[in-house]
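Asker: Below are the sequence and a predicted model for it; my questions follow.
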Amino acid sequence: MKIGFGYDSHRLVAGRKLILGGIEIPHDKGPLGHSDGDVLIHALCDALLGALGAGDIGQHFPDHDHRYKDISSLKLLAAVKMMAEDRGACLFNVDATILLEAPKLLDYKAKMAASLAGILGLAPEMINIKAKTNEGMGLIGQGQGVAAFAVVTVKDKDLG
């Protein structure tokens with residue numbers, strides 16, 4: 001068994017869609033980024049890459065590469081999952097936390113888990129997503145940013 005940890009954050013700006021876990025969430029701001037800025041998926045990709053000992057998301061999908069401009073992060077996650085499979089690894093579970101002052105995410109967590117489960121080939125109950133505010137502290141607490149943390153467990157396919 002291997003464990004991977006990932007983190008991502010983006011500044012929130014007007015004129016961008018708020019995409020988290022591959023789901024569009026109604027809001028007046030979205031993450032500024034080269035891709036769609038989905039911090040949950042970016043943290044998840046980094047966690048999976050970390051468990052594989054395969055670097056990080058910026059190494060595999062650099063922000064200076066035009067192929068990734070405004071790309072859906074679901075496509076990046078699918079590519080990272082393929083890397084894991086090519087290395088004989090099987091994702092076992094995901095635990096993630098999103099830090100966002102507003103909007104509240106309670107009504108979207110199950111949809112995010114289902115979206116990720118479809119890409120990862122996991123049952124949605126193997127994907128746990130928590131949402132927290134920053135209680136008004138710092139840039140996230142002031143509504144100027146969004147961040148996510150993710151932890152994954154990966155096992156060798158040969159271990160069943």
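Answerer: Structure received.

Asker: what sits against the residue nearest the centre of the chain?
Answerer: The residue lying closest to the centre of the chain (Cα atoms, centre = their mean) is Ile41, at 1.7 Å. Taking Cβ atoms under 8 Å, 6 or more residues apart in numbering, we find Ile41 in contact with Gly21, Gly22, Ser73, Leu74, Leu76, Leu77, Leu116. For every residue, glycine as well, the C-beta is placed using N, CA and C.

Asker: at 10 Å instead, please
Answerer: Applying Cβ atoms under 10 Å, 6 or more residues apart in numbering to Ile41 gives the contacts 6, 8, 19-22, 35, 57, 72-77, 80, 96, 112, 115-116, 119, 148, 150.

Asker: next one: Gly21
Answerer: 38-41, 44, 73-74, 77, 96, 98, 105, 108-109, 111-116, 119, 127, 129, 148 are the contacts of Gly21 under Cβ under 10 Å, 6+ apart.

Asker: Give me the subset of those that lies in helices.
Answerer: 39-41, 44, 73-74, 77, 109, 111-116, 119 (DSSP state H).

Asker: so where do the helices sit in this protein?
Answerer: Going by DSSP H, the chain shows helices at 39-52, 57-60, 73-86, 109-120, 138-141.
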